[in-house]
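> Sharing a model that was predicted from the sequence below.
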Amino acid sequence: MNTNETQWGPKAWRLLSLVRAQSPLIQCITNFVSMDIVANTLLSAGASPAMLHAAQELSDFTPRVAALCVNVGTLSPSWLPAMKAAAQICNEHRTPWVLDPVAASASAFRFEACRELLRLKPTVVRGNASEIIALSLAFAELHTNLSKGVDSVHESMDAVEAAKLLAQTSGAVVAVSGATDIVTDGNRVFGAHNGVAMMQKITATGCSVTALIAAFVAVDKDHALDAAVSALAVFGVAGEQGMKMAKGPASLRVHLIDALYGLDEATLNSHVNITHLC
Ligand SMILES: Nc1ncnc2c1ncn2[C@@H]1O[C@H](COP(=O)(O)OP(=O)(O)OP(=O)(O)O)[C@@H](O)[C@H]1O
Ligand SMILES: Cc1ncsc1CCO
Ligand SMILES: [Mg+2]
């Protein structure tokens, strides 16, 4: 068990150090908006991103990746089969994969696609509160229409019970981003209290932290809950450090990536703020 709150700073540092040392290959089938910032987030953390999505390439490439990140942000019918095929290859190879259900309830097509992907048993699902609430109800066969688009209209703390239910019904570790990032395996619930509100004003920071979770899970496959909450805290600390230099969202985007690249042990030990919520 890794539940001692005082150990989270060292644990986050250990996982970031493993990512830097191992440079895990992370395949991202992600949306057009996020491709650049996701790849740069992974690179600055020490991982090796690859944004491959052609179905014809998966059988050669996907068996060699350390983790997969699937993001439905700009989903189209031609991409969904590749997402599912890549997830299945990961499952066959016991490779962890992470799902970002962007705007899950924006359309019936997207909603059903997210449900199909959830049935393929992602290791971790990371969404904002509106996405997790919608998916949780969907997985319990209820109907909902809760988001206005890709941004959340809920607070992450509103989603604790939904996240636990989704974790229990899907088998995934479920992470909800927000002022407090919530992470649960359906039993234990942790909160990561790092980050700054202006991170919401940079498009695809959520997509980026989902990819960072994939990199952390890649280096600690057997502790997906710990890896996910650590990745969220590390990204949040990078946001806090970057905010010291930033003048607004555009410069925060730059300084957050620089801060992630430069994070050191002392900074993580003093700033990682993870608590056991319930
Ligand atoms: N109020 C807040 N205070 C501090 N950090 C926050 C706050 N809201 C979000 N964050 C952080 O911003 C990052 C993105 O989270 P957000 O919930 O905005 O994701 P998202 O809605 O999926 O974003 P996107 O779809 O644009 O990728 C996360 O690292 C999260 O911890
Ligand atoms: C703005 C936007 N629209 C589809 S995906 C995306 C990036 C944030 O998820
Ligand atoms: Mg999102």
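Arrived safely, thanks for sending. Ligands and ions are numbered 1, 2, ... in the order given.
> so how far is ligand 2 from residue 233?
According to Cβ to the nearest ligand atom, to the nearest Å, residue 233 and ligand 2 sit 21 Å apart. In this view, the C-beta of every residue, glycine as well, is placed from N, C-alpha and C.
> That residue: how many residues sit nearby?
A total of 27 residues lie near residue 233 under the criterion other Cβ atoms under 10 Å.
> And the one 10 residues further on, by the same measure?
Residue 243 has 18 neighbouring residues, counting by other Cβ under 10 Å.
> Nearest to ligand 1: which residue in the chain?
Ranking the residues of the chain by distance to ligand 1 (Cβ to the nearest ligand atom) places residue 206 first, at 2.3 Å.
> helix or strand right after the helix or strand harbouring that residue?
Assigned by DSSP states H and E, residue 206 falls within helix 205-219. The first helix or strand that comes after helix 205-219 along the chain, using DSSP H and E, is helix 224-243.
> now check the helix or strand that that next one is followed by, is it near ligand 2?
Using DSSP H and E, the helix or strand that follows helix 224-243 in sequence is helix 249-262. No - judged by Cβ under 6 Å from any ligand atom, helix 249-262 stays clear of ligand 2, getting no closer than 13.1 Å.
> Going forward, the N-terminal residue is numbered 26.
Done: numbering now begins at 26, and the last item shifts to helix 274-287.
> List the buried residues of helix 274-287.
For helix 274-287, the neighbour count (16 or more other Cβ atoms under 10 Å) marks 277, 278, 280, 281, 282, 284, 285 as buried.
> Same question for stretch 121-129.
For stretch 121-129, a neighbour-count test (16+ other Cβ under 10 Å) marks 121, 122, 123, 124, 125, 126, 127, 128, 129 as buried.
> what does the protein put close to ligand 3?
127, 231 (Cβ under 5 Å from the ion).
> all helices of this protein, in order?
In the chain, the helices defined using DSSP state H lie at 33-47, 60-70, 80-86, 105-117, 133-144, 154-164, 185-195, 230-244, 249-268, 274-287, 290-296.
> Throw these into TSV and include mean pLDDT, thanks.
Below are those laid out as TSV (pLDDT from 0 to 100):
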stretch	mean pLDDT
helix 33-47	98
helix 60-70	99
helix 80-86	98
helix 105-117	98
helix 133-144	96
helix 154-164	91
helix 185-195	95
helix 230-244	99
helix 249-268	99
helix 274-287	98
helix 290-296	98
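> and these, which is most packed in?
Sort those by mean neighbour count, taking mean count of other Cβ atoms under 10 Å, and helix 230-244 sits at the top with a mean of 29.
> just checking, what packs against it?
In terms of contacts (3 or more Cβ pairs under 8 Å, 6 or more residues apart in numbering; DSSP states H and E), helix 230-244 is packed against helix 33-47, strand 50-54, helix 60-70, strand 92-96, strand 122-125, strand 149-153, strand 198-202, helix 249-268.
> Now for residue 48, how many residues are close by?
Residues contacting residue 48 under the criterion other Cβ under 10 Å number 18.
> Now do the same contact list for the residue of the chain found nearest ligand 2.
In the chain, the residue that lies nearest ligand 2 is residue 98 (2.8 Å; Cβ to the nearest ligand atom). With contact taken as Cβ atoms under 8 Å, 6 or more residues apart in numbering, residue 98 is in contact with 55, 56, 57, 58, 59, 125, 127, 128, 175, 229, 232.
> before we move on, back to that, so what's the residue of the chain closest to ligand 1 up against?
By Cβ under 8 Å, 6+ apart, the neighbours of residue 231 are 125, 127, 151, 152, 153, 202.
> hang on, the earlier thing: against residue 175, how distant is the residue of the chain closest to ligand 2?
7 Å (Cβ to Cβ, to the nearest Å).
> For the residue nearest the centre of the chain, list the residues it contacts.
Nearest to the mean C-alpha position of the chain, counting by Cα atoms, centre = their mean, stands residue 235 at 1.9 Å. Residues in contact with residue 235 (Cβ under 8 Å, 6+ apart) are 94, 96, 123, 125, 151.
> Noted, bye for now.
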